[in-house]
Each structure stands twice: as C-alpha cells, then as structure tokens.
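# I would like to see how this sequence folds:
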Amino acid sequence: MLFEREDILPVILALGVAMLISFVATPLVKKLAYKVGAVDVPKDNRRMHDHPIPRMGGLAIFIGCVASILLFADVTRPLQGILLGSCLIVAVGVVDDAHPLGAGVKFILQIVAALIAVWHGVIIQTIANPFFFGDNPYWNFGIWAVPITVIWIVAVTNSVNLIDGLDGLADGVSTIGAFTMLIIALLMGDLEIAVITAALVGACVGFIPYNRNPAKIFMGDTGSTFLGFMLATVSVIGLFKFYAVISFIVPFIILGFPIFDTVSAFTRRILKGQNPMKADRSHTHHKLIDMGMNQKQAVATLYLVAGVLGLCAVMIVTTGYVKLILSVAALIGVAFTVARIARYPHDHHHKKEECGGGQQPQSEHIQENKPEEPTGDSHKEA
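All right, here's what the predicted structure looks like:
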C-alpha cells in the first residue's frame, strides 16, 4: 500500500524522535541507577557478567517511546489505557531494580496494569476461527474476553522479561518484534499503529549502543516488562483485530521466541517437580552459551530466529501461495533449530567444570554456590 509523504512522515518522525530521546536519556538514567542502588552484582552462575553493572536502563526506553507517542500519535481511549498501564509497569520495575520486590507482588501489579488496559478497550473480543471447519468463521469470546486478554498481556510481559539474560538480547528481539508489527501496520494501512510501533522501535534502537555486549547498562525489569507489556497490548489493538483466518497466528509467530522459551522453561520445571517460577540456568540463551558460543554469537543466533519469524509473519499477512509456502518452510527450519537447542542438556556446563576441560563461558564460574535470589532484573528472573 502506497502512502502520501505527509501520511508517512509522522511514522518516520516518531521513530527518529524516540531513538534520539532514548539515546540521550540513557546516560542520565545510568547515573540515576547508581544513585538509587539499582546495580546488578553477579552472585550466581546464571549471570554472564563479572562486575557490577547498573540496571534500570529501561526507563530511558520508556521515556523515549512515550514522549514520541504523545507527540505524534492520536491518543485514543485504548492508547490511554496502554500508556497508563505501562506507567504502572515501569514504576514497579524501577522499584524492583533498586529494591527487589517479591514475585507475587509484581505478578499482581502486572494483572492490575493489564486490567487498566482492558478497561480502556484493549481487549481480544473476536478472532478468526483458527480451524478450517465449522459454520462460524469467527470466535467471539464473550465473558471470557477479559481473562483471555489479561492472560495474554501478563504472559507476554513476563516472556520478554525471562529472555533478558544476555547483553542486548531482549532489546534486540523486542526491536525485531516491534519492527515486524510496524511493517504489517503499514501493509494494512493502519497508520496509528504504525506510529506507536515506530516509537517503540526507535526507543529500543536508541538504547542498543549502551546495551550491546559488553553492556554498559542493563534495561532491568523496568525495560523488559515495559517492552513485553507494549508488545502484548499493541498486538491486541493492531494484530488480533485482523479477521483473516490466517491472522490468528501472526502475534504468536512474531513473539514466538520469548513465548517458546517461557513455555519450555515452565514445562521443564513442572515435569521435574520444581517451582515453575524458580530461576535456573537452562533457558535457550544459556544452552547456546553451553554449546560453545560466546555472547555475541548467541545473541546473533537468536536475532536470526526472531528475524525469520518476523519475516514469516509479514509474508503470512500478504497474499500469494508462494509466500505462504515460504513462510511455512521458514517456520519449520526455525522450529528444527530451536528444538535442537532445547534438547541440549542444560547441565553441560557443570560437566565441563567437573572435568576441568573446555573454555568457560564468560563469568559462568562466579560464585556458583551462592543461593539464587527470588528477584527479577536484567539477568535474574522473578
């Protein structure tokens, strides 16, 4: 779909302004993080750094994104709910990064933030029938719409938080996801969603120079939960409302990696009789490190996975059987790659340490016998 220059200009400006604000604000947030004690000190073998690094960098992403949205987007009632809910998410994240909160408290407040968005009209009311049989081409959730939407928002919020274990990983994956939504919004002619996603992309890109390996600052729960909340809520108002049958799976494809990693982690812990919320060192990014990759290689690999999934999502919403076949083939390739990684034994790094052989991943050996903390930040889970 072609746009006039004056139509596409707000999208470009939203991206550029958000990127500039995020880039300029990050050093200021870094100083603030030191002052309030929001510093990540490596205390267990799940952390990939070996020296204290400030967190709470997500505050800069939040400032850049929200400022750009307020400047260039039409603040409708659903968008008001998203912004209000994100303010609560970020406030909780800032407090948690400085003075760790309990997982239960954060979970309850995330539900409240999701309900704020739902109250303002961010709700999955109707979707296309994902099956090719049945008389009704659409599903209306009725009274189940609210709990289903809240579950989606909270689940995606935590999924992005849980993949934030390597320098630049969550920021880059979120950038790819938001950029995919931006492309789809432009293809569908939805300029309002395009402006919102452009602001999110710009804010993430502005933070990357400080967060890529070796990171100067972590986004912390402030950033990872904010990005997850934004991706979840924007997908509700920008993707689930498309009623083409195939569009039902698009949000799941775009957010496929964080969703898979979270489901895999929770399933593994439950099958072992462990608390599903108990942090461990067996996420996908940990397994890539154990397979011999360094941080940059592991992050690049997962960027590639997220990028292929994003490409599949774009091809699915466009017409043509060839594009659909290519997207299915790409999905199969990604699924095969991720499945190979998932099957890699998560205790491999312990075996290497016991044998004394092999090159140790960065900071893997640091204070390995320290008890795990129940808090969540850039390199810890709730």
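
# Could you list the low-confidence segments of the stretch 201-350 of the chain?
241-248, 274-283, 285-286, 290, 319-324, 326-327, 337-350 (pLDDT under 70).

# Can you show me the strands along it?
With DSSP state E, counting those that start in this stretch as the criterion, the stretch 201-350 of the chain has no strands.

# for it, what spans make up the helices?
220-238, 250-254, 256-271, 284-290, 295-317, 321-342, 348-355 (DSSP state H, counting those that start in this stretch).

# Distance from the chain centre to the fifth one, please.
Relative to the chain's own centre, helix 295-317 is displaced by 13 Å; criterion: CA atoms, centre = their mean, to the nearest Å.

# send the alpha carbons of that helix over as CSV?
Extracted C-alpha coordinates of helix 295-317, given in CSV (Å, rounded to 0.1, in the frame of the first residue of the first chain):
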residue,chain,number,x,y,z
GLN,A,295,27.5,-13.9,24.0
LYS,A,296,27.7,-12.1,20.6
GLN,A,297,27.3,-15.3,18.7
ALA,A,298,24.4,-16.5,20.9
VAL,A,299,22.6,-13.2,20.6
ALA,A,300,23.1,-13.0,16.8
THR,A,301,21.7,-16.5,16.5
LEU,A,302,18.5,-15.6,18.4
TYR,A,303,18.2,-12.4,16.5
LEU,A,304,18.2,-14.5,13.3
VAL,A,305,15.5,-16.7,14.8
ALA,A,306,13.4,-13.7,15.7
GLY,A,307,14.1,-12.2,12.3
VAL,A,308,12.9,-15.3,10.4
LEU,A,309,9.8,-15.4,12.5
GLY,A,310,9.1,-11.8,11.8
LEU,A,311,9.6,-12.4,8.0
CYS,A,312,7.2,-15.3,8.2
ALA,A,313,4.6,-13.1,9.9
VAL,A,314,4.9,-10.4,7.2
MET,A,315,4.6,-13.0,4.4
ILE,A,316,1.5,-14.6,6.0
VAL,A,317,-0.4,-11.3,6.1
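
# mind starting the numbering at 7 from now?
Done: numbering now begins at 7, and the last item shifts to helix 301-323.

# List the buried residues in it.
Buried residues in helix 301-323, counted by 16 or more other CB atoms under 10 Å: 301, 304-305, 307-309, 311-323. No exception for glycine: its C-beta is placed from N, CA and C like everyone else's.

# what is the orientation angle of it with helix 262-277?
Per axes from the mean of the first three to the mean of the last three CA atoms, to 10 degrees, the angle that helix 301-323 makes with helix 262-277 is 110 degrees.

# list the helices and strands helix 301-323 packs on?
helix 175-193, helix 256-260, helix 262-277, helix 290-296, helix 327-348 (3 or more CB pairs under 8 Å, 6 or more residues apart in numbering; DSSP states H and E).

# Nearest to V111 among these would be which one?
Closest of the helices and strands packed on helix 301-323 to V111 is helix 262-277, at 19.7 Å (criterion: CB to CB).

# pretty sure M62 is touching V35, no?
Yes - if you go by CB atoms under 8 Å, M62 and V35 touch, sitting 6.3 Å apart.

# These two: who's more crowded?
M62 (32 against 28; other CB atoms under 10 Å).

# did I read that right, the more buried one in a helix?
No - the assignment for M62, made by DSSP: H, G, I helix; E, B strand; the rest coil, is coil rather than a helix.

# Buried deepest among the helices of the stretch 207-356 of the chain, which one?
Of all the helices of the stretch 207-356 of the chain, helix 226-244 carries the top mean neighbour count, a mean of 29, counting by mean count of other CB atoms under 10 Å.

# May I have it as PDB, with CA atoms only?
Extracted C-alpha coordinates of helix 226-244, given in PDB (Å, rounded to 0.1, in the frame of the first residue of the first chain):
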ATOM      1  CA  GLY A 226      16.400  -4.300  34.100                       C
ATOM      2  CA  ASP A 227      12.800  -5.300  34.900                       C
ATOM      3  CA  THR A 228      12.000  -1.600  34.100                       C
ATOM      4  CA  GLY A 229      12.700  -2.200  30.500                       C
ATOM      5  CA  SER A 230      12.000  -5.900  29.900                       C
ATOM      6  CA  THR A 231       8.500  -5.800  31.400                       C
ATOM      7  CA  PHE A 232       7.700  -2.500  29.700                       C
ATOM      8  CA  LEU A 233       8.700  -3.900  26.300                       C
ATOM      9  CA  GLY A 234       6.700  -7.000  26.900                       C
ATOM     10  CA  PHE A 235       3.600  -5.000  28.000                       C
ATOM     11  CA  MET A 236       3.800  -2.800  25.000                       C
ATOM     12  CA  LEU A 237       4.300  -5.700  22.500                       C
ATOM     13  CA  ALA A 238       1.400  -7.500  24.100                       C
ATOM     14  CA  THR A 239      -1.100  -4.600  24.200                       C
ATOM     15  CA  VAL A 240      -0.200  -3.200  20.800                       C
ATOM     16  CA  SER A 241      -0.600  -6.700  19.300                       C
ATOM     17  CA  VAL A 242      -4.200  -6.700  20.700                       C
ATOM     18  CA  ILE A 243      -5.200  -3.400  19.100                       C
ATOM     19  CA  GLY A 244      -3.100  -3.900  15.900                       C
END
